[in-house]
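> Sequence first, then the predicted structure:
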Amino acid sequence: MKELDEIGLKAKQASMQLAHLNTDQKNKVLLMVADLLESSVTPLLEANADDLKEAKTMGLKGAIVERLTLTIEKILGIAEGLRQIVQLEDPIGEIEEMKRRPNGLLIGKKRVPLGVVGVIYESRPNVTADVAGLCIKTGNVCVLRGGKEAFRSNNAIVKIFHQAIQQCGLDPQMVQLVQDTSRESAVAMMKLNKYLDILIPRGGAGLIQAVVQNSTVPVIETGVGNCHIYVDEEADLEKAVEIVYNAKTQRPGVCNAAESLLVHQKVASEMLPIIGARLTEGGVEIRGDKRTCSLIPGAIPATQEDWSTEYLDLVISSKVVGSVEEAVEHINTYGSMHSESIVTENYSHAQYFLDRVDAAAVYVNASTRFTDGFEFGYGAEIGISTQKLHARGPMGLRELTTSKYIIYGSGQIR
């Protein structure tokens, strides 16, 4: 595809400049973008309103529309996230180690940018700013391919980045947005290994698997979130109710929201009716096993498919288990290795859960909703990696870098 080839070439050229900017130069761009975002609230909301209107005609609803929607608070939050990135230590140029070999060679490792980062994503205009901000701070050019449902919003945000970059006397091609939102452009981007150094998909399971299975560019797999809360036999009831309710209802359409509830059989009779009543008040549909349905009025029988489903909606599956071991086995069988939590006052059970659950983020007595770059102190995130190579969990600045060896000699030959 001609547009992608042109974008890729420009990205490679821009990366030569961006990779060698100093921290002050990069921070200046980000601070200017933050200021421009705050002063451009009205045009951003107008662009987003046009996207929302189009989304309605496309029949989109629920979690997709919630993620698509910009508000004044969200825009101000995006700007604050960029300012937080400015405050973070710049990893580029950091010398990780330096050792002298017996032959006198001094060998070290230096942290450097990945190069050109491609991101294919859906719905979320904030991803445009988060990715561009993190990439600029780490000296990476970004090539963004958003969904057609957010096209106007994404364009408005990228124009603000271009304005700030140009005002700083730099190449605006360091942040690029693919204008073609067709399926063909996504497929073409998956094959752009001549120019892209890494490709990161952010969206639903279908998008992520399409990229993982078809890309010739190295992929970092992110964020399908079938997250669980396990209420242990020694859980505090008040904590359990609030954690489950928050994890499910605070923003049900995001990947770190809880999709499944596990409760120990010894406390099920006491806790499930109370937790169930609170969830029902919040409009949550509960799909449970036989014990759950007998304890929660209105719960409907779960199917086998429910245990592995990411609802992204006000729906939760629920199962009664006989032990922390059974809870861990269920999570490792049906979970997506994203975020899992245990509610317990028993130290040994907490440690067993932390040690045995295979996930990017594992919590004790806290909501899974904290698996987020902003909450982890990264300012933003480029995604939440659920794989094990290179990066895992919320990806901040360091996860957008690699290293190279630097060797000082004094005439050594082999």
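Looks like it arrived, so ask away.

> Tell me how many other residues surround Ile407.
10 (other C-beta atoms under 10 Å). Where you see a C-beta, it was placed from the backbone N, CA and C, and this is true even at glycine.

> An error on my part: the question was meant for Arg414.
By other C-beta under 10 Å, 4 other residues sit near Arg414.

> quick one: contacts for it?
By C-beta atoms under 8 Å, 6 or more residues apart in numbering, no residues touch Arg414.

> now with 10 Å?
Asn103, Leu105 (C-beta atoms under 10 Å, 6 or more residues apart in numbering).

> okay, it: pLDDT?
Arg414 is assigned 92 on the pLDDT scale.

> Kindly state the neighbouring-residue count (a burial measure) for the residue nearest to Ile274 when sequence neighbours are not counted.
Excluding the flanking residues, the one nearest Ile274 by C-beta to C-beta, 6 or more residues apart in numbering is Val241, at 6.0 Å. Using other C-beta under 10 Å, Val241 is surrounded by 20 other residues.

> Check which helices and strands the helix or strand of the chain with the lowest mean pLDDT is in contact with.
Across the helices and strands of the chain, the lowest-confidence element by mean pLDDT, DSSP states H and E is helix 63-68, at a mean of 87. Applying 3 or more C-beta pairs under 10 Å, 6 or more residues apart in numbering; DSSP states H and E, one finds that helix 63-68 contacts helix 41-57, helix 125-137.

> got the CA positions of the last one in PDB?
I take that to be helix 125-137. Coordinates of each C-alpha in helix 125-137 appear next as PDB, following Å, rounded to 0.1, in the frame of the first residue of the first chain:
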ATOM      1  CA  PRO A 125      -8.600   8.700  21.300                       C
ATOM      2  CA  ASN A 126      -6.500   8.900  24.500                       C
ATOM      3  CA  VAL A 127      -4.300   6.100  23.100                       C
ATOM      4  CA  THR A 128      -3.200   8.500  20.400                       C
ATOM      5  CA  ALA A 129      -1.800  11.000  22.900                       C
ATOM      6  CA  ASP A 130      -0.500   8.400  25.400                       C
ATOM      7  CA  VAL A 131       1.500   6.500  22.700                       C
ATOM      8  CA  ALA A 132       2.800   9.600  21.000                       C
ATOM      9  CA  GLY A 133       3.900  11.100  24.400                       C
ATOM     10  CA  LEU A 134       5.700   7.900  25.600                       C
ATOM     11  CA  CYS A 135       7.300   7.500  22.200                       C
ATOM     12  CA  ILE A 136       8.700  11.000  22.000                       C
ATOM     13  CA  LYS A 137      10.100  10.800  25.500                       C
END
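
> rewinding a little: helix, strand, or coil at the residue nearest to Ile274?
helix (DSSP: H, G, I helix; E, B strand; the rest coil).

> My understanding was that it contacts Ala247; is that so?
No. Applying C-beta atoms under 10 Å, one finds Val241 not in contact with Ala247, separated by 11.2 Å.

> show me where the stretch 151-300 of the chain has helices.
Taking DSSP state H, counting those that start in this stretch, the helices of the stretch 151-300 of the chain run over residues 151-167, 183-190, 205-214, 237-249, 265-281, 290-295.

> Mind listing what's buried along the first one?
This points to helix 151-167. Within helix 151-167, the residues that count as buried by 16 or more other C-beta atoms under 10 Å are 151-162, 164-165.

> Kindly report the same for the last one.
Neighbour counts over helix 290-295 (16+ other C-beta under 10 Å) mark Arg291, Thr292, Cys293, Leu295 as buried.

> So what sits opposite the nearest residue to the first one once chain neighbours are set aside in the bridge?
Counting by C-beta to C-beta, 6+ apart, Arg291 lies nearest to Val320, which is 4.0 Å off, once chain neighbours are set aside. For Val320, the beta-bridge partners under DSSP bridges are Val263.
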